[in-house]
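> Sequence and predicted structure are below.
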Amino acid sequence: MAPAVSVAYELKPPSDTPIPTHLNATKTHEVPITNTDATNQKAYYEGLRTAVLQAKSTLGEELTAWRDAVGKREDNKEAKIPKKGEEDEDEEDEEAEE
């Protein structure tokens with residue numbers, strides 16, 4: 001088995017979230033390290049760096065697609081959370097009424 005960088009994820013979106021057919025909630029990637037020459041440490045780390053960057057790029061693209069697919073639902077959730085200033089005003093109003 002050749003050395004490789006392995007990245008896996010398992011996403012669990014809410015059950016009522018519409019999931020596009022082109023997205024998989026579970027995925028594993030293996031990016032081979034191109035230069036595994038043990039005598040040339042610099043070349044090995046360059047190959048490792050390239051593999052890590054490729055894995056990062058692939059993962060970023062896939063997670064961005066997921067974010068775009070479920071992002072609007074998350075925006076709505078965040079809008080429901082009252083801001084700190086609004087909470088303080090409500091408490092002051094209640095105290096003034098008492």
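Arrived safely, thanks for sending. Residues are numbered from 1 along each chain as shown.
> shaky segments in this protein?
Scanning the chain for pLDDT under 70 picks out the ranges 1, 72-98.
> can you tell me how far residue 10 sits from residue 4?
Here the criterion is CB to CB, to the nearest Å. By it, residue 10 lies 19 Å from residue 4. No exception for glycine: its C-beta is placed from N, CA and C like everyone else's.
> who's more crowded, those two?
Legend: neighbour count by other CB atoms under 10 Å for residue 10 and residue 4, higher for residue 4 (14 against 9).
> isn't the more buried one right up against residue 51?
Yes: with contact defined as CB atoms under 8 Å, residue 4 reaches residue 51; the gap is 7.0 Å.
> Quickly list what's touching both of these two.
By CB atoms under 8 Å, 6 or more residues apart in numbering, residue 4 and residue 51 have these common neighbours: 31-33.
> residues near residue 6, how many?
10.
> show me the contacts for it.
28-31 are the contacts of residue 6 under CB under 8 Å, 6+ apart.
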